[in-house]
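J.: Let's see this in three dimensions:
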Amino acid sequence: MYSPFDAKLWQGRVDDEEDRPAPRWHQIVKDFDQAAGNLEQAPVLLGFACDEGVRRNKGRDGAAEGPAALRQALAGLSWQPITYLGAELKESLFDAGTVTCVGPDMEAAQLEYAHKVAKIIQSDGLAIGLGGGHEIAWASYSGLEAALRQQEKDVAQLAVLNIDAHLDLRKPAEHGSSGTPFRQIAEHREQHDWPFHYACFGVNPSANTRALFDFAADKEVYWRADVDCTELDLPAMDLALRDFLSDKSGLYLTICLDAISAPFAPGVSAPSALGLSPNVVLRLIHQLRQICDELNVPLLLVDVAEMNPKYDIDGRTAKLAARLIQACVE
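T.: Residues are numbered from 1 along each chain as shown. Here you go, the predicted structure:
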């Protein structure tokens, strides 16, 4: 089921500061369907409301409400850069609505979402996915690949960077779990004889089995454990990102909120007992944007997964996710 742009979801206060424009996101956002021409990498938000992947993998429900909570948190943000790096925000922001998974047919919802992602990218917009469970990743990747192939761009050298406590490389069980999205991507790319350029930062070694690490090694996946993603490790992470992106044609960034320490991100399907500092994740995004600019590797798609308002406290997780999204669009 698809729900188009709804201005009622975007509410917030209006400020006038000393006769200077002081807009917030809710004052800037427009309907993507009314956008005309080349968007020149203006951000376009697209929701994916789905719990089915969490259910199949024995997680806790509630992520389907994620897109609405994220829009609410984004609405009140000041429309200005939040870094000290001379960044600028685009003059436009669009909302392309939400795809909702109805019943158990997750695959149909993923397909519809992929079609809409492809349309955004073909319009030269920066697609920003609002999850929902991490099954958004297969849908996001599928839409991105379709757009690149339609534009006759390089798919083989596309990179996928996941900030996540889980490698998400589990294969489907004969009875039980549905597998995980990056395993789907890996197997799909293998079928097309494309390399699997995948990196995962924030991995919790105790939450990933030996079989997953063996599969990651076989596919030459680069991963960093959560204990190696501290502020002291930022220079090393910078070097690792430069090496990972050095010969890539484009980047898909996906952020699983359960990678962040539970006190800062309680509203997720699987809270992290240790996890990453929000400051590290924010600074990692800043580094990534700089590296992409320096290496001329376009950031083509971003999504945020596992936002679960049912378990959020004081909107902490949604507010943090909104801050991360803002950093991604600078």
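J.: now the strands for this protein?
T.: Taking DSSP state E as the criterion, the chain carries its strands at 2-3, 29-31, 43-49, 93-100, 126-131, 158-163, 197-203, 222-225, 250-256, 299-305.
J.: could I get the ones you listed as a markdown table with mean neighbour count?
T.: From N, CA and C alone the C-beta is placed, and that goes for glycine too. Formatted as a markdown table, these follow (neighbours: other CB atoms under 10 Å):
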| stretch | mean neighbour count |
| --- | --- |
| strand 2-3 | 14 |
| strand 29-31 | 17 |
| strand 43-49 | 27 |
| strand 93-100 | 24 |
| strand 126-131 | 26 |
| strand 158-163 | 25 |
| strand 197-203 | 25 |
| strand 222-225 | 18 |
| strand 250-256 | 24 |
| strand 299-305 | 26 |
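J.: Mind putting those strands into TSV with distance to Gly37 and mean pLDDT?
T.: As requested, the strands of the chain are exported to TSV (distance: least, CB to CB, whole Å; pLDDT from 0 to 100):
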stretch	distance to Gly37	mean pLDDT
strand 2-3	23	92
strand 29-31	13	96
strand 43-49	13	97
strand 93-100	12	96
strand 126-131	15	96
strand 158-163	25	98
strand 197-203	31	98
strand 222-225	38	98
strand 250-256	21	97
strand 299-305	19	97
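J.: would CSV of those strands with distance to Arg242 be doable?
T.: Listed next are the strands of the chain as CSV, based on distance: least, CB to CB, whole Å:
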stretch, distance to Arg242
strand 2-3, 39
strand 29-31, 34
strand 43-49, 25
strand 93-100, 30
strand 126-131, 22
strand 158-163, 12
strand 197-203, 12
strand 222-225, 12
strand 250-256, 13
strand 299-305, 15
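J.: of all those, which lies closest to Pro266?
T.: strand 250-256 (14.5 Å; CB to CB).
J.: now the angle between strand 299-305 and the closest one, please.
T.: 10 degrees (axes from the mean of the first three to the mean of the last three CA atoms, to 10 degrees).
J.: now for strand 250-256, which elements pack on it?
T.: helix 136-150, strand 158-163, helix 278-295, strand 299-305, helix 316-329 (3 or more CB pairs under 8 Å, 6 or more residues apart in numbering; DSSP states H and E).
J.: So for Ala73, which of the ones you listed sits nearest?
T.: Across the helices and strands packed on strand 250-256, closest to Ala73 is helix 316-329 (CB to CB), at 3.9 Å.
J.: Remind me what the closest one packs against, helices and strands.
T.: Checked by 3+ CB pairs under 8 Å, 6+ apart, helix 316-329 has helix 66-75, strand 126-131, strand 250-256, helix 278-295, strand 299-305 packed alongside it.
J.: Quick check: which helices or strands does the longest one pack against?
T.: Yep, that's helix 278-295 we're talking about. Against helix 278-295 (3+ CB pairs under 8 Å, 6+ apart) you get strand 158-163, helix 234-245, strand 250-256, strand 299-305, helix 316-329.
J.: so which of the helices and strands packed on strand 250-256 gets nearest Val102?
T.: Of the helices and strands packed on strand 250-256, nearest to Val102 by CB to CB is helix 136-150, at 14.8 Å.
J.: Now that closest one: buried residues?
T.: For helix 136-150, a neighbour-count test (16 or more other CB atoms under 10 Å) marks 136-148 as buried.
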